[in-house]
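**Q** Here's a sequence, model it:
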Amino acid sequence: MSNNIKFLSIAVIAFAIVGAGLFFTNGEKQNEETVAIRILDSPDTINNWEIIKKLDGRDILAEEGVKLELISSVQSTGGTQSLQALLANNIDFAGSAWPAWINILASGGKIKAVFSTSVVTPDKPGSGLVVLENSSIYSAKDLIGKKISVNVLGAEYDYLTRQYLSQTGLSIDQVQLIVVPWAQQEQVLRSKQVDAAASFNDLYFNIAIEKGGLRQLPGSRSYDLKGNNIILGHGFREDFIKKYPEAVKSFITAYEKSLRLVWEEYQKNPDRVKKTVEEIYSEKGANPKLARYYIPTWSPEYPFATDRDIQYWLDIFESEGKLKPGQIKPSDIYTYEFNSFYKEYIEKKGVK
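**A** As a prediction, this is how the structure comes out:
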């Protein structure tokens, strides 16, 4: 059967741009020191600098001279939508899984990742495909003709599903993808509106699993398919980088510093960090239970994405005929030119 993409439920993000002062006035070049970086902010998204400020009062953004302009959204958007908003100049900074970056660059979009997060390891393998405990689905072949929910098309879980199917000679055209935001994945699965959920956010996944009645399909997790890897790239439009290089450097420094500070505090006192995250969720109007399963997105064992993380996806795109061989290189997608933490890492470890 054809891949009938059906939108079951998707959060509509309203960007109040025109007349709201979110664009730079008449295209005039702003002072480098005063530029405010526009980022999406939602109740269920917590930034590491928020955690540090709540933990010990340190304002990492202020320390690095970073100014932000928060663009409110109802809930977390999928990475594809975030990058599209970035490309459209609705925001200045966004993150997504590598497939979404590749799709945009393949279409001529000028964006660049400048750091990465969300490490996948044996201890944090990813949710994979999840079905009801009493489901008749036990392998990829059992998914033929079934409905599978993904949080967004063209990103990590969409392509992981494709890879899981392809291992047994199946294609994405033999299933039906349904777009469902992270927060609703459990609901649509338990109500049998879909047969499998492919894109649980780790926090929502752990809450759902704790309730029982669900199981994972063996071999469908990110670690099963790719081994150790870093999923997400975060970055800017290339024109923004060129226009405001110092603002980009400062933001990267603040982001990387806050990642490490949260990780360090978590090693010393995970309960204190989780309690802090719970307070922030409550204050922002999100589900405080998410904090119970909070895990830092950074790891000293795998602190930076490598060409291998991205080449994995480039090879897939080329094998599917979506890219010509060598059309896009990992270096076209990301750079550590503005990342002082990476330079220190290279000097200490002597790796690349």
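
**Q** buried sites along stretch 208-222?
**A** Ala208, Ile209, Leu214, Arg215, Gln216, Leu217, Ser220, Arg221, Ser222 (16 or more other CB atoms under 10 Å). No exception for glycine: its C-beta is placed from N, CA and C like everyone else's.

**Q** Enumerate every residue touching the spatially closest residue to Leu217 that is not a sequence neighbour.
**A** With CB to CB, 6 or more residues apart in numbering as the criterion, Leu217 has its nearest non-adjacent residue at 4.3 Å, and that residue is Leu129. Counting by CB atoms under 8 Å, 6 or more residues apart in numbering, Leu129 touches Leu143, Ile148, Thr161, Tyr164, Ala196, Ala197, Ala198, Gln216, Leu217, Ser220.

**Q** I figured the third one hits Val150, correct?
**A** Yes - the pair Thr161 and Val150 passes the contact test of CB atoms under 8 Å, sitting 6.7 Å apart.

**Q** what touches both of the two?
**A** With CB under 8 Å, 6+ apart as the test, Thr161 and Val150 both reach Leu177, Ala198.

**Q** now the strands for the chain?
**A** 6-7, 37-41, 68-72, 93-97, 111-120, 130-132, 147-150, 176-179, 196-197, 214-216, 229-237 (DSSP state E).

**Q** any idea of the mean pLDDT in the fifth one?
**A** Right, strand 111-120. Average pLDDT, strand 111-120: 94.

**Q** Distance check, the residue nearest to Leu217 against Pro330.
**A** Counting by CB to CB, to the nearest Å, the gap from Leu129 to Pro330 is 27 Å.

**Q** swap in Thr276?
**A** 36 Å.

**Q** Show me the shaky parts of this protein.
**A** The chain contains residues with pLDDT under 70 at 1-33, 74-77, 350-352.

**Q** Neighbour-wise, which one of the contacts of Leu129 leads?
**A** Using other CB atoms under 10 Å as the neighbour test, the contacts of Leu129 are led by Ala197, with 32 neighbours.

**Q** isn't it right up against Ala183?
**A** No - between Ala197 and Ala183 there is no contact under CB under 8 Å: 12.0 Å.

**Q** ok, back up a step: could I get the contacts of Leu129 as CSV with distance to Ile46?
**A** CSV is the format used below for the contacts of Leu129 (distance: CB to CB, whole Å):
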residue, distance to Ile46
Leu143, 34
Ile148, 28
Thr161, 27
Tyr164, 30
Ala196, 28
Ala197, 23
Ala198, 24
Gln216, 26
Leu217, 30
Ser220, 27
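
**Q** Asp44: which of the residues you listed is nearest?
**A** Of all those, Ala197 has the smallest distance to Asp44: 17.2 Å, by CB to CB.

**Q** For that closest one, list the residues it contacts.
**A** By CB under 8 Å, 6+ apart, the contact list for Ala197 reads Leu129, Val130, Val131, Ile148, Ser149, Val180, Gln185, Glu186, Val188, Leu189.

**Q** is it true that Pro125 touches Tyr223?
**A** Yes - counting by CB under 8 Å, Tyr223 is a contact partner of Pro125 at 3.6 Å.

**Q** now the helices: where do they sit in the stretch 201-350 of the chain?
**A** Using DSSP state H, counting those that start in this stretch, the helices of the stretch 201-350 of the chain run over 202-211, 222-226, 238-243, 245-268, 270-284, 307-319, 330-333, 340-349.
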